[in-house]
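> turn this into a model:
(4 chains)
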There are 2 protein chains.
Amino acid sequence: MIALKQPVPSNCGDCPIRNRAVCAHCDHDELVALEEIKYYRSFEAGQTIIWSGDKMNFVGSVVSGIATLTQTMEDGRTQMVGLLLPSDFVGRPGRDGAAYDVVATTDIVMCCFRKAPFEELMSKTPHIAHRLLQMTLDELDAAREWMLVLGRKTAREKIASLLSIIARRDASLAATTSGGGKVFDLPLTREAMADYLGLTLETVSRQMSALKKDGVILLEGKRHVTIPDMQRLLEEAGDDSDGGFLT
Amino acid sequence: MIALKQPVPSNCGDCPIRNRAVCAHCDHDELVALEEIKYYRSFEAGQTIIWSGDKMNFVGSVVSGIATLTQTMEDGRTQMVGLLLPSDFVGRPGRDGAAYDVVATTDIVMCCFRKAPFEELMSKTPHIAHRLLQMTLDELDAAREWMLVLGRKTAREKIASLLSIIARRDASLAATTSGGGKVFDLPLTREAMADYLGLTLETVSRQMSALKKDGVILLEGKRHVTIPDMQRLLEEAGDDSDGGFLT
DNA sequence: GGAATGCTTTGACCCAGATCAATTGAGACA
DNA sequence: TGTCTCAATTGATCTGGGTCAAAGCATTCC
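As a prediction, this is how the structure comes out:
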């Protein structure tokens, strides 16, 4: 895959994640202060952005593209513990070492801040700290939702859950809605899906085929997914018919 | 079980969780402001403190005792998503509805604050907001650690992981260390352990028996556990020999 | 075109953990 | 002392998803 030079916002006003990232609630002055310490970094699909255990000297937001957060055991078993979509925050103020590997799944652009000045700024601008708390609480909810998926759902339900999450999150930014159905490209390989779901890639493949055979999803090629009936997918995921998920 | 009237700290200075709860970094004035809106509530073992979906009109900290956070699917499958020990925070500033059931596992005392005044106070006292962010980030790390346990560990490793977490957390407050070994009472039934680990209670029982037979743990009665060799337990849990866990 | 590479699908078989069922043990209570 | 209840153990059997193995299908690169 050719890594094209990716577009970068020229200023915060144009930024596609201006209203959802850690800077969402900042007023003009705060934004100016942030602009002073920010810089953009691009990574190609497949690149590791941060190695677990590394000293982190920056934090930042995903501007475009997708990254994953993964944990690995000594014997090689891996579990994805986070899926980072545009506007998601990376890094942990107040801690030096990275706890997880962060890997770019697609080409990705990040808006980074050196850690020390960001922490300094955070202590002075309550809007940033408050927004970060909100986002962290949301992530905690998502992580707990995922614990239910990992601990109690069947393979078929797991796949349906993942698809419905991607459809929902994708919908909130780049929704292609065609006649009631949702259409998107899977940003993950079968192996990455398996790592997210605590399954093997073979089981993922089998369940994808089964959902296709049963008409729950349509597949063109390996990645292009159409969901003709979102409600049906949610039922397959074992979720409340009226949306067990939070927002 | 007889629910004895439980002791309640007479003021924040005496409070056993003064240095670890959400109020940990508060200075004198902030503490006075908190004291004004705080009140204690006690619950007996088995009582549900909060029902998922309920309107939450308070937040608070666990002072003594243990509670669990659980999610339930329509068909009754349940997954525990949090274990609340003394100093842990309950409730979510900025959201009205409770997302999970909170159940007292032992008799428990909570230090509660009405939600609106607490949120008001939080916006004025950065120490509280900052501490809450720290605690939420810690919980997020714990949740992600747990995702690895749920997604990739064997039943035996899961049990060993749970025991080592309880031993560690218990150690930090009420450690009974006898000659290098750790001793504690399990605060959970086999069923609660199963709900935490995404297993059935039968499997939990079998693996407990197996760990006992292999000398990894000693059991007196059903709940009293001795861990003669913590290092050995960590190996059984599949963790890094030098502590894959954070903190 | 042909070979190499990487992702994906599919099949055959197996096993860890679930399910179903019976039993044990420890209070609580009358 | 017996019986009720509720947690826990243990056994027998079943099965969903893992493991191992072999193709299938695009892309890219000679």
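> centroid-nearest residue for chain A?
Central residue of chain A (Cα atoms, centre = their mean): residue A:84, 2.4 Å from the mean position.
> element containing residue A:102?
When elements are assigned from DSSP states H and E, residue A:102 belongs to strand A:101-104.
> the residue nearest to the centre of chain A against residue A:69, yeah?
Yes: Residue A:84 is in contact with residue A:69 according to Cβ atoms under 8 Å; the separation is 6.5 Å. The way it works is simple: take the backbone N, C-alpha and C, and place the C-beta from them, glycine included.
> quick check: neighbours shared by these two?
Residues touching both residue A:84 and residue A:69 (Cβ atoms under 8 Å, 6 or more residues apart in numbering or on different chains): residue A:102.
> what's the strand holding residue A:102 in contact with?
In this structure, residues lying in contact with strand A:101-104 by Cβ under 8 Å, 6+ apart are A:43-52, A:65-72, A:84, A:90.
> ok, which of these also contact chain B?
Filtering the contacts of strand A:101-104 for proximity to chain B by Cβ under 8 Å from any Cβ of the partner chain leaves A:69, A:71.
> keep only those of the contacts of strand A:101-104 that are in strands.
In strands, defined here by DSSP state E, the members of the contacts of strand A:101-104 are A:43, A:48-50, A:67-72, A:84, A:90.
> with adjacent residues omitted, what lies nearest to residue A:18?
Nearest residue to residue A:18 in three dimensions, chain neighbours excluded: residue A:12, at 6.1 Å (Cβ to Cβ, 6 or more residues apart in numbering or on different chains).
> touching, that neighbour and residue A:33? I think so.
No: using Cβ under 8 Å, residue A:12 makes no contact with residue A:33, being 11.0 Å away.
> state the distance from residue A:107 to DNA strand C.
Per Cβ to the nearest atom of the strand, to the nearest Å, residue A:107 is found 15 Å from DNA strand C.
> backbone phi and psi for that residue, please?
The phi and psi values for residue A:107, taken as degrees, to the nearest 10, are phi -60, psi 140.
> check it and give its pLDDT.
Note for residue A:107: predicted pLDDT of 91.
> again with the one 10 residues further on
According to the prediction, residue A:117 has pLDDT 95.
> and the strands in chain A?
A:38-43, A:48-50, A:58-64, A:67-72, A:78-84, A:89-90, A:101-104, A:108-114, A:176-178, A:181-185, A:218-220, A:224-227.
> quick one: contacts for residue A:89?
For residue A:89, the contacting residues are A:21-22, A:59-61, A:132, A:135, by Cβ under 8 Å, 6+ apart.
> just send those residues back as CSV, with neighbour count, distance to chain B and pLDDT too.
CSV is the format used below for the contacts of residue A:89 (neighbours: other Cβ atoms under 10 Å in any protein chain shown; distance: Cβ to the nearest Cβ, whole Å; pLDDT from 0 to 100):
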residue, neighbour count, distance to chain B, pLDDT
A:21, 22, 16, 96
A:22, 26, 12, 95
A:59, 21, 12, 96
A:60, 23, 16, 96
A:61, 24, 16, 97
A:132, 21, 6, 95
A:135, 19, 10, 97
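> for the nearest residue to residue A:52 once chain neighbours are set aside, give its distance to residue A:90.
Ranked by Cβ to Cβ, 6+ apart and with sequence neighbours excluded, the top spatial neighbour of residue A:52 is residue A:101, at 4.8 Å. Note on residue A:101: its distance to residue A:90, by Cβ to Cβ, to the nearest Å, is 12 Å.
> now do the shared contacts for these two.
Counting by Cβ under 8 Å, 6+ apart, the common neighbours of residue A:101 and residue A:90 are residue A:50.
> residues from chain A in reach of DNA strand C?
Selection of chain A residues close to DNA strand C by Cβ under 7 Å from any atom of the strand yields A:189-191, A:201-202, A:204-206, A:208-209, A:219, A:222-223.
> who wins for neighbours among the residues you listed?
residue A:204 (24 neighbours; other Cβ atoms under 10 Å in any protein chain shown).
> wait, that one touches residue A:190, no?
Yes: counting by Cβ under 8 Å, residue A:204 does reach residue A:190; the two are 4.9 Å apart.
> okay, the residue lying farthest from the centre of chain A: pLDDT?
No residue in chain A sits farther from the centre than residue A:29, which is 29.0 Å out by Cα atoms, centre = their mean. At residue A:29 the predicted local confidence, pLDDT, stands at 91.
> swap in residue A:175?
With respect to pLDDT, residue A:175 scores 53.
> how is chain A divided into domains?
Annotated domains of chain A cover A:12-147, A:154-237 [automatic domain parsing].
> can you put the ones you listed in JSON lines and add distance to residue B:158?
Output for the domains of chain A, formatted as JSON lines (distance: least, Cβ to Cβ, whole Å):
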{"stretch": "domain A:12-147", "distance to residue B:158": "13"}
{"stretch": "domain A:154-237", "distance to residue B:158": "12"}
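> mean pLDDT lowest for which of those domains?
Minimum mean pLDDT among the domains of chain A: domain A:154-237, a mean of 91.
> run the chain-centre distance for that domain.
15 Å (Cα atoms, centre = their mean, to the nearest Å).
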